[in-house]
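Novice: Got a predicted structure here, sequence first:
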Amino acid sequence: MSTVGAMPSTGDFNPEQIAANWRALNAAEAAPAAGGLTINDIGPRQLNIPGPVVTEQPLYRFDGQPAQRSFLTDLLDTAGVTLPGGRDPDPNARNYALAFMAHPDGMAASFANITKANVATLNPTQRSDVPATLLPARNRPLWDACSNSPLTSNLSITTPRVTDASGMANAHTEGDEPTTATLTITASDIAAPAPISGKASLSRTLIDYGPPALVDQIVFGLMLQAWAQVVEARIAAMLDGLSLAAGNIVNLAGMDDDLRGDWDDILIPLATAPDGGLLTSLVLAGEAYGPTRRAADDSGRRYYRVGPGGVLDLGSHLAAPAAALTAANGGGGDSYLFNPAVVHAAEMTNRFTFLSAAVSYVDVCIWGYSTAWCSQPADVYRLDYSAS
């Protein structure tokens, strides 16, 4: 038998002997005799060659470091909601996510050492839209009752006013020239936009609060409410300032049946008047609104139904209460029935700005213009109420 120090030629042995010799050499390497040599001492050595080391990343990580996949994306893909309009769920994402959550070294191990005690202090403040219940509502019955439009500048508007119009169209006779209409238009009326402004000073700390405060937006909502009241007052002042013909000033008086009779005398003839159907806007000052709403028969049953916003159903017309017309609010106390196409109001889009002139506070500001005018006073009726 050959020794370890001298490798025999393979030509001296058959295959079975060669295999036996290699088994003996391996055994000698595993348990060498004292002072003996091993196969590594006489044969090829194991070499550590420097080179890139490839490290496989974890499937998911939750510490901001790279991972093979995104856990949140896989959850969304599992439900099929990652694209607008949705898509079919991704079975591969589902397999990855569910296996990770079910494995003992998965979800539970990843969050085993995380506490929820300080979540409230770590969550960032998020600003969102103001809930509708926090913003004040704006009531604009006069603005809604007339033709309204936006202002693009504060330049004065020269507005036409029709004071007389008749014979505007007639049946035609072949070969005859139409009779010239009687028409009087004045162009001397000037609608001058008047400014509206407002300012509120808020501390920066208050402005920087997150929901549910959102103080800046709530304050701006209050400014818009005040803006609407200014515009309503200007429309009311324009109506109260119109010079109307005697036939366009109608008296309402009394209570209950008497008042109902007066309303019938006003509204019923409009149904058969040539232009009566055009007079659709009816706005009431508090002086006429209260008695009309309370009008009842001998049994106490009210004559007129009350709709949303306190609007009264008078049968052929809906009557909206208008605070700006009421004497207690600075109005003239008269109510109005008119053609909405001849009463106009315009306002500039509200300009909302923040002005920062100091470190500790911010000014919330609103600025703009509005105006109102009438192009045909003949289509405006003033309703003057008296209790007796």
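Specialist: Right, received. Where do you want to start?
Novice: Now do the contacts for the nearest residue to residue 245 once chain neighbours are set aside.
Specialist: Nearest residue to residue 245, sequence neighbours excluded (CB to CB, 6 or more residues apart in numbering): residue 378, at 7.1 Å. From N, CA and C alone the C-beta is placed, and that goes for glycine too. By CB atoms under 8 Å, 6 or more residues apart in numbering, the contact set of residue 378 is 162-163, 245, 248.
Novice: Counting neighbours, show which residues of the strand ranked longest in the chain come out buried.
Specialist: Once the chain is assigned using DSSP state E, the strand that runs over the most residues is strand 361-374. Residues of strand 361-374 classed as buried: 362, 364-366, 368-374 (neighbour count, 16 or more other CB atoms under 10 Å).
Novice: just the helices in this protein please.
Specialist: With DSSP state H, the ranges of helices along the chain come out as 15-30, 39-42, 71-79, 91-102, 107-110, 119-122, 141-145, 204-208, 215-240, 256-267, 286-294.
Novice: Report the distance from the third one to the chain centre.
Specialist: I take that to be helix 71-79. 29 Å (CA atoms, centre = their mean, to the nearest Å).
Novice: Ok, stretch 196-203 next?
Specialist: That offset, for stretch 196-203, works out to 23 Å (CA atoms, centre = their mean).
Novice: again, but for stretch 246-255
Specialist: Using CA atoms, centre = their mean, the offset of stretch 246-255 from its chain centre is 44 Å.
Novice: Send over it as PDB, restricted to the C-alpha atoms.
Specialist: C-alpha atoms of stretch 246-255 as PDB (Å, rounded to 0.1, in the frame of the first residue of the first chain):
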ATOM      1  CA  ALA A 246     -97.500 106.100  -8.700                       C
ATOM      2  CA  GLY A 247     -98.900 102.900 -10.200                       C
ATOM      3  CA  ASN A 248     -95.800 101.000  -9.200                       C
ATOM      4  CA  ILE A 249     -96.200 101.700  -5.500                       C
ATOM      5  CA  VAL A 250     -98.700  99.300  -4.000                       C
ATOM      6  CA  ASN A 251    -100.000  99.300  -0.400                       C
ATOM      7  CA  LEU A 252    -100.400  96.200   1.800                       C
ATOM      8  CA  ALA A 253    -102.300  96.500   5.000                       C
ATOM      9  CA  GLY A 254    -103.800  94.600   7.900                       C
ATOM     10  CA  MET A 255    -103.600  91.100   9.100                       C
END
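Novice: mean confidence for that stretch?
Specialist: Averaged over stretch 246-255, pLDDT sits at 92.
Novice: List the buried residues for that stretch?
Specialist: Result for stretch 246-255 [16+ other CB under 10 Å]: buried residues 248, 252, 254.
Novice: Over to stretch 61-73?
Specialist: For stretch 61-73, the neighbour count (16+ other CB under 10 Å) marks 69, 71 as buried.
Novice: Stretch 219-237 too?
Specialist: Residues of stretch 219-237 classed as buried: 219-224, 227-236 (neighbour count, 16+ other CB under 10 Å).
Novice: what comes into contact with it?
Specialist: Residues contacting stretch 219-237 (CB under 8 Å, 6+ apart): 130, 134-143, 146, 194, 196, 198, 200, 202, 322-325, 329-332, 343, 345, 347, 350, 352, 364, 366, 368, 370-372.
Novice: Sort out for me which of these are in strands.
Specialist: 194, 196, 198, 200, 202, 343, 345, 347, 352, 364, 366, 368, 370-372.
Novice: Of these, which is the nearest to residue 180?
Specialist: Proximity of the ones in strands among the contacts of stretch 219-237 to residue 180 (CB to CB) peaks at residue 343, which lies at 28.5 Å.
Novice: now the closest one, nearest residue through space, not along the chain?
Specialist: Using CB to CB, 6+ apart, the nearest residue to residue 343 is residue 146, at 4.0 Å.
Novice: list the helices and strands the longest strand of the chain packs on?
Specialist: Contact partners of strand 361-374 among helices and strands, from 3 or more CB pairs under 8 Å, 6 or more residues apart in numbering; DSSP states H and E: strand 147-151, strand 157-166, strand 182-191, strand 194-203, helix 204-208, helix 215-240, strand 343-348, strand 351-355.
Novice: Tell me which residues are up against the fourth one.
Specialist: This points to strand 194-203. So strand 194-203 is in contact with 154, 215-216, 219, 223, 226-227, 230-231, 234, 355, 360-371, going by CB under 8 Å, 6+ apart.
Novice: Now do it: distance to the chain's middle.
Specialist: Using CA atoms, centre = their mean, the offset of strand 194-203 from its chain centre is 23 Å.
Novice: Tell me what angle that strand forms with strand 343-348.
Specialist: 40 degrees (axes from the mean of the first three to the mean of the last three CA atoms, to 10 degrees).
Novice: let's have the chain start at 589 instead
Specialist: With 589 as the first residue, the last one maps to strand 782-791.
Novice: low pLDDT regions in this structure?
Specialist: Residue ranges of the chain with pLDDT under 70: 589-643, 652, 669-675, 701, 704, 706-726, 775-776, 797-802, 938, 944-945.
Novice: domains for it, by residue range?
Specialist: 589-619, 644-699, 729-756+769-974 (automatic domain parsing).
Novice: Tell me which of those sits most buried.
Specialist: The highest mean neighbour count among these, using mean count of other CB atoms under 10 Å, belongs to domain 729-756+769-974: a mean of 16.
Novice: From one end of it to the other, what's the distance?
Specialist: 23 Å (CA to CA, to the nearest Å).
Novice: repeat for stretch 912-924
Specialist: Span of stretch 912-924 from end to end, CA to CA: 12 Å.
Novice: ok, now stretch 745-762?
Specialist: 42 Å.
Novice: Contacts for it, please.
Specialist: 766-781, 932, 934, 959, 961-966.
Novice: For residue 805, give its distance to residue 942.
Specialist: For residue 805, the distance to residue 942 (CB to CB, to the nearest Å) stands at 12 Å.
Novice: same check, this time on residue 911
Specialist: 31 Å.
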